[in-house]
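**Student:** for reference, the sequence and a predicted model appear below.
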Amino acid sequence: GEFNDDITHSLGTVSNSANMYLGTNDATNWSEYNGKLDEIKIFNSALTADQVKLLYNQSSSAVWGALSTDSSNNPSNSALDSYCPAGQGSSCTAPIAEWKMDEGSWTNNCSTDSVFDSSGNGNNGDSCPNGTGPTGNASGKSGNAGSFDGSDDNIRIADASSLRPTNITVTAWVYARNTVDQYIISKGKTSGDSYNFAINVFGGSGKVSWNSYNGSWVSIISSSTIPTNQWVHLAGTYDSSAQQMKFYINGVQEGSPASLSSIDYTGTTSLRIGSRSLWNDTATNYFNGFIDDVRIYNYARTPAQIAWDYNRGAPLAYWAFDECTGTNAYNTAPKADPRASELYTGTINPGDTSGNNDTAGTCSSGDATEMWNDGTTGKRNASLGFDGTNDYVDLGSSSVFNFTTQPFTISAWIKPIVLSSVSIISNDNTTSGYGVALSDGKLRFVTRGTNDVYTDSTNSISVSVWTHVVAVYTGTAGQRQLYINGNLNITEGFTGSITSALVNLFIGKKGNSTDYYSGQIDEVKIFNYALTSQQVKNLYSEGAVYFGPE
């Protein structure tokens, strides 16, 4: 793992037309190696010094789990980088206030700081009211949490300029015991609230909302009732340049952005956690449940950063195709969005006897008419085989996957037999939606809105070879990107939006029952944000170390 030497050369391209040998210089009896070889790996990029050390150390002296990466994509354990998705580096910064709620106990005294701000900006809180306020040391989402009784418990943080940013993101983990009228976080002002999270107040029926008052209330209300007795991640943003509020639940954007000219901070009313903060600096509408890890940033976090706050950027859905039997393809994504629960299990359809595959079957059965047998050896464990005639996986229909203006990423390992007019994954009904496919030997990303837009790779995909493919959509007025085997292949600008297809999501065919895929598919993942180039590389290599079979 130690650096030894380097040389400078002017060779532009390394010839790769000759055969490759292990243990000898060529096919003749010359320069044969005498000894043992193991763990031979070839990478399509230059490894950093730290990556070389990881390869050398294996598991003997490496430290697993760097918090993130720096701006050069090197592993980093700095506190700043822990708030950033891999590869973003200095483009995001730490919160200006953060209450981790990890104290062993709180002093119930409205004049004594005992709920501490770990950002270093001194926005410490008091546990109110005196003598009977909320208790710390409850079991939290991460570490400890605050327990609030819904009667009079709240944390008061005195007004400060750092709590009145022009642009803002507020995040919190919340565990509600009921859905009566209550406030989770509230920054009061002379009239109304500068910003707040509330339950049942604006939307009714137990819905949670992100709200701000500037002459009139502007609210984004959840599409469904907030779940009780379970942890839920809330994030609200305001971007002054776009003059837009956005609201996220469990890393997924709720509804459409709401227009707001600016946040009104008239007055010096306190910020309160666990209640509403009124104009006269008193509290009401108390929260009943647990609250953990409250953060305030002085900028509008991106969808990728919100996803990082929620679950370190894990996919919204992940079909590993490792079941090896039956007609269910289970979603194994951690902390999956509860609104898409009906979509997490896909239905495997082998078609009928007109194709090669008649049944789902089992892995390693030796029966060439079974999809699981055809996918016995996947890129990671097993995969699923498709006959190109009528095989597909039906993932159902849900608004969660109806991406229109918001960013998203689709990734998969493919081993195709046919390279023309075959669909890998599709929410495309030929007039609306999106899809990733193969067309004339190239990888294709299609989106349909006012106009159909096609982005084709510049490189061809190989037949009968495992290839990692990624399609990234950065949102309205953004970019469309295609990656092949961890490398960016093409980037194209994009304006407009995608028309919602309102059709089922399929793996192995288009929505109109055409373009059936022929070959194997494995490790299909959907992210509700645009992955960075470093995240794509990590996805391709499964990180510096992969725990599992090759």
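**Tutor:** Structure received.
**Student:** only C-alpha atoms from now on, for both contacts and neighbour counts.
**Tutor:** Noted.
**Student:** how about low-confidence regions in this protein?
**Tutor:** Scanning the chain with the threshold set as pLDDT under 70 gives 9-17, 27-30, 50-51, 53-54, 57-81, 89-91, 335-343, 352-355, 543-550.
**Student:** quick one, helices of it?
**Tutor:** 49-57, 303-311, 371-374, 533-541 (DSSP state H).
**Student:** okay, these, which one's buried deepest?
**Tutor:** helix 371-374 (a mean of 29; mean count of other CA atoms under 10 Å).
**Student:** what's it packed up against?
**Tutor:** Here helix 371-374 touches strand 384-387, going by 3 or more CA pairs under 8 Å, 6 or more residues apart in numbering; DSSP states H and E.
**Student:** which neighbouring elements make contact with the strand it packs on?
**Tutor:** Secondary-structure packing of strand 384-387 (3+ CA pairs under 8 Å, 6+ apart): helix 371-374, strand 518-527.
**Student:** which of the ones you listed is buried the deepest?
**Tutor:** Taking mean count of other CA under 10 Å, helix 371-374 is the most buried of the helices and strands packed on strand 384-387, at a mean of 29.
**Student:** using PDB, write out every CA atom in it.
**Tutor:** The C-alpha coordinates for helix 371-374 follow below in PDB (Å, rounded to 0.1, in the frame of the first residue of the first chain):
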ATOM      1  CA  MET A 371     -36.800 -17.000 -15.900                       C
ATOM      2  CA  TRP A 372     -35.000 -17.700 -12.600                       C
ATOM      3  CA  ASN A 373     -32.900 -20.500 -14.100                       C
ATOM      4  CA  ASP A 374     -31.900 -18.100 -16.900                       C
END
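**Student:** about what we covered before: residue 105: which of the helices of the chain is closest?
**Tutor:** helix 303-311 (25.3 Å; CA to CA).
**Student:** out of the helices of the chain, which gets nearest to residue 269?
**Tutor:** Among the helices of the chain, helix 303-311 comes nearest to residue 269, with 27.6 Å by CA to CA.
**Student:** per-domain residue ranges of this structure.
**Tutor:** What the record gives for the chain is the domain set 1-6+19-76, 97-301, 317-541, from automatic domain parsing.
**Student:** who's in contact with residue 298?
**Tutor:** Applying CA atoms under 8 Å, 6 or more residues apart in numbering, we find residue 298 in contact with 95-96, 165-169.
**Student:** could I get the helices and strands packed on strand 384-387 as CSV with distance to residue 247?
**Tutor:** Below are these laid out as CSV (distance: least, CA to CA, whole Å):
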stretch, distance to residue 247
helix 371-374, 41
strand 518-527, 17
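**Student:** go through those and name the closest to residue 315.
**Tutor:** Among the helices and strands packed on strand 384-387, the nearest to residue 315 by CA to CA is strand 518-527 (4.5 Å).
**Student:** what's the spacing between that closest one and its chain's center?
**Tutor:** 17 Å (CA atoms, centre = their mean, to the nearest Å).
**Student:** if you count contacts, what does it end up packed against?
**Tutor:** strand 317-319, strand 384-387, strand 408-416.
**Student:** any idea which of those strands is most buried?
**Tutor:** Among the helices and strands packed on strand 518-527, highest average neighbours (mean count of other CA under 10 Å) belong to strand 384-387, with a mean of 30.
**Student:** can you list contacts of that one?
**Tutor:** 321, 355-357, 371-376, 378, 392, 508, 516-522.
**Student:** how far does stretch 425-444 stretch from one end to the other?
**Tutor:** Start to finish, the residues bounding stretch 425-444 are 11 Å apart (CA to CA, to the nearest Å).
**Student:** for that stretch, which positions count as buried?
**Tutor:** For stretch 425-444, burial by neighbour count (16 or more other CA atoms under 10 Å) applies to 425-430, 432-439, 441-444.
**Student:** what is the neighbour count of residue 133?
**Tutor:** Applying other CA atoms under 10 Å, we find 23 residues neighbouring residue 133.
**Student:** right, I mislabeled it, should have said residue 41
**Tutor:** For residue 41, using other CA under 10 Å, the count is 6.
**Student:** among the domains of the chain, which is nearest residue 85?
**Tutor:** When the domains of the chain are compared by CA to CA, domain 1-6+19-76 sits nearest residue 85, at 6.5 Å.
**Student:** how about the nearest residue to the residue nearest the centre of the chain, chain neighbours excluded?
**Tutor:** The geometric centre of the chain, computed from its C-alpha atoms, lies nearest to residue 313 (CA atoms, centre = their mean), at 3.5 Å. In space, and not counting its chain neighbours, residue 313 is closest to residue 307: 4.9 Å by CA to CA, 6 or more residues apart in numbering.
**Student:** now for that neighbour: which residues touch it?
**Tutor:** 250-252, 313-314, 528-529.
**Student:** neighbour-wise, give me the winner out of those residues.
**Tutor:** residue 251 (29 neighbours).
**Student:** now it: phi and psi?
**Tutor:** phi 80, psi 0 (degrees, to the nearest 10).
**Student:** and it, how far from residue 151?
**Tutor:** Distance, residue 251 to residue 151, by CA to CA: 30 Å.
**Student:** equivalent analysis for residue 519, please.
**Tutor:** From residue 519 to residue 151 the distance is 61 Å (CA to CA).
**Student:** pull out the buried positions in stretch 203-219.
**Tutor:** Neighbour counts over stretch 203-219 (16+ other CA under 10 Å) mark 203, 206-214, 218-219 as buried.
**Student:** no more questions from me, cheers.
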